[in-house]
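Asks: Sequence first, predicted coordinates after that:
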4 protein chains.
Amino acid sequence: MSANLSKPGTRRRLRYAMVGGGRDAFIGAIHRHAIALDGQAELVAGALSSSPDKARASGRDLYLADDRNHGDWQALLADELRRPAHERIDFVVIVTPNHVHFPVAQAFVEAGFHVVCDKPLVHTSEQAEALVAAVARQGTVFGVTYNYSGYPMVRQARAMVRAGELGVLRKVVVEYNQGWLATPIESGGNKQAGWRTDPSRSGAAGALGDIGSHAENLLATVTGLGIDSLCADLGALVPGRALDDDGSVLLRLSGGVRGVLVASQINTGLENDLRLRVSGTLGTLEWCQEQPSQLVHFPLQGPRQVLTRGSPGLHGAAGRASRLPAGHPEGFIEAFANLYGGVMTDIRARLEGRRADPAEADYPRVEDGARGVRFIERTLASSASAAKWTAW
Amino acid sequence: MSANLSKPGTRRRLRYAMVGGGRDAFIGAIHRHAIALDGQAELVAGALSSSPDKARASGRDLYLADDRNHGDWQALLADELRRPAHERIDFVVIVTPNHVHFPVAQAFVEAGFHVVCDKPLVHTSEQAEALVAAVARQGTVFGVTYNYSGYPMVRQARAMVRAGELGVLRKVVVEYNQGWLATPIESGGNKQAGWRTDPSRSGAAGALGDIGSHAENLLATVTGLGIDSLCADLGALVPGRALDDDGSVLLRLSGGVRGVLVASQINTGLENDLRLRVSGTLGTLEWCQEQPSQLVHFPLQGPRQVLTRGSPGLHGAAGRASRLPAGHPEGFIEAFANLYGGVMTDIRARLEGRRADPAEADYPRVEDGARGVRFIERTLASSASAAKWTAW
Amino acid sequence: MSANLSKPGTRRRLRYAMVGGGRDAFIGAIHRHAIALDGQAELVAGALSSSPDKARASGRDLYLADDRNHGDWQALLADELRRPAHERIDFVVIVTPNHVHFPVAQAFVEAGFHVVCDKPLVHTSEQAEALVAAVARQGTVFGVTYNYSGYPMVRQARAMVRAGELGVLRKVVVEYNQGWLATPIESGGNKQAGWRTDPSRSGAAGALGDIGSHAENLLATVTGLGIDSLCADLGALVPGRALDDDGSVLLRLSGGVRGVLVASQINTGLENDLRLRVSGTLGTLEWCQEQPSQLVHFPLQGPRQVLTRGSPGLHGAAGRASRLPAGHPEGFIEAFANLYGGVMTDIRARLEGRRADPAEADYPRVEDGARGVRFIERTLASSASAAKWTAW
Amino acid sequence: MSANLSKPGTRRRLRYAMVGGGRDAFIGAIHRHAIALDGQAELVAGALSSSPDKARASGRDLYLADDRNHGDWQALLADELRRPAHERIDFVVIVTPNHVHFPVAQAFVEAGFHVVCDKPLVHTSEQAEALVAAVARQGTVFGVTYNYSGYPMVRQARAMVRAGELGVLRKVVVEYNQGWLATPIESGGNKQAGWRTDPSRSGAAGALGDIGSHAENLLATVTGLGIDSLCADLGALVPGRALDDDGSVLLRLSGGVRGVLVASQINTGLENDLRLRVSGTLGTLEWCQEQPSQLVHFPLQGPRQVLTRGSPGLHGAAGRASRLPAGHPEGFIEAFANLYGGVMTDIRARLEGRRADPAEADYPRVEDGARGVRFIERTLASSASAAKWTAW
């Protein structure tokens, strides 16, 4: 490692640590692939599991040096605080089960570290507000990995809406349908299903928290609209399940826009069918995560157009999120990497004592995470209510 | 015309009259194409418009003999009752604006004629029940042209559900999205838009009655489930419009099945995007009207399958509704013709003094029409209610 | 039947006879559906099979009067010549096996009848030229049912090419792939497979004649280009088969345009995968028969556009070939009916003593049929040659 | 860097150098993304451009240490040979323009380094054979980045063919259509177009070498068939171009299988439309690069199946090439990374003194590269010949 890397503000790879994400954890590996892809950061430390032995074994798999491969996150934090600046991590990635997000995130923020945290951010709006306040106080970077917002054509959709190309919005339908929880696989030992269907680890929401929150974020990202009130019908349709595995929600969005949000994990055979339709006075957009390179635009006049990632004429936000020419598919990891690209742009700006261009530092922030927590709370409240509309 | 055609029960082309459907009427022509397609009936009489002059001009376009080309439906009915059996029509097709359905249908049923009536059947459940009672009393055939139920792959879906191939149903999402009413074209003189957005001609429902009722029928046809309660949010999103042009409805179906129904005519640029997803414990089905020859089956185990119209291995109900080998598209008119095929099968059976095989006499009946009217009423009631659930 | 129908030139349904197309014949029924669809002609006479008994039984199925239901085509022709003008057929439809096309067509043309004949027209260019000459001499209408040219979006493609919207053409790829002859079903008694794989009934070409000729016609229709020379590789890939079931052909088209034509009936599992790609200096078009309502346009600049049947802004030739609004699928029979619409427009013009507008009388003519025969001959010659290029 | 990394055979990140691929080079960045993705190797040295200044500037962008950031490949090679084993690169990646592949590859192989080289491998079969011989002599790993073979569903297709699931193969159609060279952008200064259309840098073939060679490799990878003879028609369709920009080739493959290969860069508006259809006695497969996660299987019996990346039931070779659950798209870079995964598995095995499991060390080798060179030569020969068939 050459000397100049110790001076903040100069170009070097950033250093990061990971909490959670050890052996058998699905999402931790995705974060690492996403960070590695563009060669702008390297994993140098970790506390990769709540089990110290598993944590260390996982760190060895990832070539961590022994003295930065910790058995718990408290040890990681203490060690980082001890290290000189030229060794210390630039940010920490939190990919633990949901119920552990809050204490870890709070501690690292309070210690002045930049943080990337998986979603849903935390379990309660109180926690979320505490985190928002802490981030504001510390002035740190805090990203929440609503990863679908990193797809170039989602950013194209957002840019088209912002530029008025759809006119005044009227109707939004967003669905996230999966099938993998159509049978009670949690009772068969499936680890992913286990924590997601367990209220003590997943929080009060099941499918709604796991994928409904992605749908909410996608809707909010593209339309920029807030939810005024909602009307939810959540259900645990697989017998014996404690948390919802299916939900449908009517939405009244700001400005009187109507919406529907569906999130279900019991649509047997479906994979990750996240899809969005946004209609305005001048056009409609349709996007589907399983074919992420296409954004179908139905203008008020003229034939539908299939906009493709990487093609000329897209908005800058879509172009910047693209590595390959059109027709060479980019996927989930690339979209994820785009969030990290935004986070790292912001961190580098701080290291260099300047403010990042917000168009470049493009990632969901702690406030987005807090809004997602609020969404879950209000949806649960609505589902339990006999009134049609529950205010935000 | 050869003599044997006068003997009921022998094979001949059936004779029909049409009420409404004259020049400039879209749907009347579709009915005539659909009836003509299979060469089993011929138009011999009509009262093709509420304007006598236009009625007669329209009849001449269609090669009607002058003495069977009437200026109003009362004259048509009186004339038919006077004619000998070997000339008299076998059935009447009612394709007037919605508000005229009831008196015409009632009069022809009471006179003992078989009837095919466009949807929505009538404006009120009282009218619908009166018609159901009259049909029961007269023992006549009464078809309602919920035409999408005639698509072979819709019948395949229905057969798969009935055969238990999806297991126990859990979730149904049906949408019918159009864009043609995204602008107030009714104020520019568009005839189709004019009557559909006018409460005096269209009834109390707009998009819900026009296309939401098709969505309800598709859901009911495929799943066989009734609606226990519903929660609707209807809106007139184009300023100045008196009737809803957009609606979203949460459904609780029999057996605890959850559902969502969306009907919107303001999805700029969309054409006739009617689509259905049905999930059960053993699989999911997806069908989309704009690609009607495909039914996508996602079984619990194994890869998704694309079932195609005309291919081997389909259920009989799908095979019977098919004229061409797989890969040669059949469309909207063919589906429409399949309803008429069912109606005519039933009429022929009556002419021959026997009961038709219900698998062959496959068409939506007056009871389906009545249920559709009830659906509209209950949805309007729900939309006006502050309670979450409105019982059926 | 009212008196005015006996005066040529007044509006009435046309009368037609059919030769071939009896019970079990696939294509005859399609022709009848297609003719019936628009209600402009009725079947009044026939010689529906080469077997007199089967011919008459088939005629009774179709409600033919006994005295116009003939055991052979010679009797049909003689009878028609004897009848008064107000009873006589306006045209005859020839849907026999290929080897019978020539004598029947020749006899009816020589007798002054208008003819519609299935493709491939005849077996040899000599026969074809004789027919062309006879038609020219008689001044009769002669349509050849290259039915795929009747799809609205094929006509849109043709219009776009003619209007220069693709610029100067450079490359054309057309494929027609089926799978139904992937096994030797002809030895199991399949009637359709039987005659198509039998040189005595099908001619010297198998797949090439059956579906390659459709591909050639589609290419010629859309591009308007002739073939200068070709290089073919035909094969009988299913052991024991006498005629080709697979072929691939390199083409040099007029103006130096390059082409590829593939026709195969051994692509296991494929249905009727006829597809065309045409590229010019200003854009590319793609069309696929199994989704016939879409024409994908890739312009030189800007995103690809999905043009849909029935939508505004299409060329007149596409609009005229359309019955339904966009999003309501029309299919194979409707396309077929569009050819008959063109033929009948031409016949009506003759009856009224005027020339039809060629834009309305839009159908493949005897010259197109002759070119198709030539294509088969030259392709067979090329396949047998060791030289790369065989001139047209 | 911990000490154990100096011991060959222990687990550590591999070290690599890159030749070519500096600023503005498209493909070099792709290789780096692909290598980085899985975190198994790091770039430690380079000679990133033929211009020394640009080479060094490019190296600084990539955080290369100054003493390993070379102005030419000869200096890189000399430096590596001087370094101790624990610093020395494990492999070199050659991503120069085509005409430089041979000397660089030859030099590194002769020096005992493992090599990954872009395609087409070299310009002549003589060079290719020299390289094959050198690799055999040195016993080194040599990968050629026919990257499309790394897609999981391509490997699934290959596995299905090898397992006999398609039966005996009969017909293969492979196309690679692009549009970016539809206008003479090389005269406007486009760098990518510049070298690809320049015989001195690209070799004697244009589109054929650039993308036709990918099509050949895809065909060979999936089917395992060799080419017995071929019949090509290449053209430079954009006026003024020296090299082919369009080509179509008839193929006779081993065992009498028929084939067609099309490669064109003048299909205006198309992006990277690489597609393959393989038919055998038991089924057909279709794959398209722009939707790489799907493989459509048309079995002889039963409906078509859409196999998806990441889903259960795929062959091991497809499963091993997959990082994400089904429905979360992986794309071009992931496929590319799969080749590198195979190469690195092979290199690690050598470091540990054992033979890699060939199922794991899954990548195109120098022999595949040599066959690709031969393919180009024989296609050029055929295109220049008046004989139909040119033997391999």
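Replies: On my side now, so go ahead.
Asks: Find the nearest non-adjacent residue to the closest residue to chain C within the stretch 51-200 of chain A, please.
Replies: Relative to chain C, the nearest point of the stretch 51-200 of chain A is residue A:156 (10.8 Å; CB to the nearest CB). Heads up, the C-betas are built off the backbone N, CA and C, glycines and all. Nearest residue to residue A:156, sequence neighbours excluded (CB to CB, 6 or more residues apart in numbering or on different chains): residue A:318, at 3.7 Å.
Asks: Look up phi and psi at that neighbour.
Replies: Main-chain torsions, residue A:318, degrees, to the nearest 10: phi -80, psi -40.
Asks: before we move on, back to that, what helix or strand does the residue of the stretch 51-200 of chain A closest to chain C sit in?
Replies: Using DSSP states H and E, residue A:156 sits in helix A:152-162.
Asks: which of the residues in that helix are buried?
Replies: Residues of helix A:152-162 classed as buried: A:152-161 (neighbour count, 16 or more other CB atoms under 10 Å in any protein chain shown).
Asks: who's in contact with the residue nearest to residue A:156?
Replies: When contacts are counted by CB atoms under 8 Å, 6 or more residues apart in numbering or on different chains, residue A:318 touches A:152-153, A:155-156, A:159, A:309.
Asks: what about 6 Å?
Replies: A:152, A:155-156 (CB atoms under 6 Å, 6 or more residues apart in numbering or on different chains).
Asks: cool, residue A:117 as well?
Replies: A:94, A:101, A:105, A:144.
Asks: next one: residue A:110
Replies: By CB under 6 Å, 6+ apart, residue A:110 lies in contact with residue A:134.
Asks: switch to 8 Å and redo it
Replies: A:134, A:138.
Asks: And for the one 5 residues further on?
Replies: Residues touching residue A:115, when contacts are defined by CB under 8 Å, 6+ apart, comprise A:91-94, A:105, A:108-109, A:140-143.
Asks: Assign it to helix, strand or coil.
Replies: The three-state assignment at residue A:115 reads strand, by DSSP: H, G, I helix; E, B strand; the rest coil.
Asks: Please name the bridge partners of it.
Replies: residue A:92, residue A:142 (DSSP bridges).
Asks: Distance check, it against residue C:352.
Replies: 83 Å (CB to CB, to the nearest Å).
Asks: Check residue A:23 too.
Replies: As defined by CB to CB, residue A:23 lies at a distance of 85 Å from residue C:352.
Asks: can you give me the strands for the stretch 51-200 of chain A?
Replies: For the stretch 51-200 of chain A, the strands defined by DSSP state E, counting those that start in this stretch occupy A:91-95, A:114-117, A:142-144, A:169-177.
Asks: Just the buried residues of the contacts of residue A:117.
Replies: Counted by 16+ other CB under 10 Å, the contacts of residue A:117 give A:94, A:101, A:105, A:144 as buried.
Asks: can I assume the third one is in contact with residue A:131?
Replies: What it means is residue A:105. Yes. Counting by CB atoms under 8 Å, residue A:131 is a contact partner of residue A:105 at 5.9 Å.
Asks: which neighbours do these two share?
Replies: Contacts common to residue A:105 and residue A:131, judged by CB under 8 Å, 6+ apart, are A:121-122, A:142.
Asks: end to end, how far does stretch A:347-361 reach?
Replies: 9 Å (CA to CA, to the nearest Å).
Asks: on that earlier part again, distance to residue A:341 added to the contacts of residue A:117, as CSV?
Replies: Converted to CSV, the contacts of residue A:117 look like this (distance: CB to CB, whole Å):
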residue, distance to residue A:341
A:94, 19
A:101, 22
A:105, 21
A:144, 15
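Asks: ok, now which ones touch residue A:224?
Replies: Per CB under 8 Å, 6+ apart, neighbours of residue A:224: A:158, A:161-162.
Asks: can you redo those as TSV with distance to chain C?
Replies: Below are the contacts of residue A:224 laid out as TSV (distance: CB to the nearest CB, whole Å):
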residue	distance to chain C
A:158	17
A:161	17
A:162	19
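Asks: re the thing from before, ok, and what's touching the helix holding residue A:156?
Replies: For helix A:152-162, the surrounding residues in contact (CB under 8 Å, 6+ apart) are A:148-149, A:166, A:169, A:218, A:221-224, A:276, A:278, A:280, A:285, A:287, A:292-295, A:297, A:307-310, A:314-319, A:321-322, A:330, A:335, A:338, A:362.
Asks: what about that helix, average pLDDT?
Replies: Predicted confidence along helix A:152-162 averages 98 (mean pLDDT).
Asks: Tell me where chain A has helices.
Replies: Here chain A has its helices, by DSSP state H, at A:26-37, A:52-61, A:73-82, A:98-110, A:125-138, A:152-162, A:191-196, A:199-202, A:207, A:213-223, A:316-320, A:332-351, A:366-383.
Asks: Tell me which of the ones you listed is the most buried.
Replies: helix A:207 (a mean of 29; mean count of other CB atoms under 10 Å in any protein chain shown).
Asks: Do that one and chain B come into contact?
Replies: No. For helix A:207, no contact with chain B is found by CB under 8 Å from any CB of the partner chain; the gap never falls below 11.2 Å.
Asks: So which residues make contact with that helix?
Replies: By CB under 8 Å, 6+ apart, helix A:207 touches A:178, A:181, A:243-247, A:263-265.
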